[in-house]
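K.L.:
Provided below are the primary sequence and the corresponding predicted coordinates.
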Amino acid sequence: MLTGARRAAETFARAVSAERPAGGGTVEGPSEVDVDYLTAIGGLGPVDLEATVGEVEVAGAAATAALESTWTLDGSTWTTSGTLDLVRVSADGEGTWRAEWSMSALDGRPRPGDVLAAETTAPSRGAILAAGGEPLATR
């Protein structure tokens, strides 16, 4: 059975995966989430992001959900992990669970205000060696 907190975390993960984190049932308003998200990932260029929910821990009117995010950019894929904070928005204990927006939910390393960027670098030319390990060509 899904708890309310897990459902809220999965709603958020689906919204992130659809490139619309503001549609993920956040405490913050949609425009605030959109601006922060688009600013944070703006340096990456086109990126596909798939978020999945791991363990959800509930403590009263607060919860945390482990998120794993798989990023794909220009044919390269990497995975990051973060923690999504959730709160129950009603004081009666029966309220709706909402996600608290933060880039750290997708990747625990960036700090507020950080901007992600990608830079392509060419590798150094490797040595061309004969079967015995002796150089065949030099620069």
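P.N.:
Happy to help now that I have it. Here the structure is a predicted model, which is why all the values come from computation and not from measurement. Numbers count the residues shown, from 1 in each chain.

K.L.:
ok, and the closest non-adjacent residue to the spatially most central residue of the chain?
P.N.:
With the centre of the chain defined as its mean C-alpha position, the nearest residue by C-alpha atoms, centre = their mean is Leu106, 2.3 Å away. Spatial nearest neighbour of Leu106, chain neighbours left out: Ser69 (4.5 Å); criterion: C-beta to C-beta, 6 or more residues apart in numbering. All C-beta spots, glycine's among them, are computed from the backbone N, C-alpha and C.

K.L.:
OK, contacts around the one you found?
P.N.:
Residues in contact with Ser69 (C-beta atoms under 8 Å, 6 or more residues apart in numbering) are Val16, Leu49, Glu50, Ala51, Thr52, Thr79, Thr80, Ser81, Gly82, Leu106, Asp107.

K.L.:
what mean pLDDT does the top helix by length along the chain have?
P.N.:
When the chain is parsed with DSSP state H, its longest helix is helix 4-17. Helix 4-17 carries an average pLDDT of 94.

K.L.:
can you check stretch 42-57 too?
P.N.:
Computed over stretch 42-57, the mean pLDDT rounds to 90.

K.L.:
so which residues make contact with that stretch?
P.N.:
By C-beta under 8 Å, 6+ apart, the residues outside stretch 42-57 that reach it are 3, 5-6, 9-10, 12-14, 16-17, 19, 41, 63-74, 84, 86, 106, 115-118.
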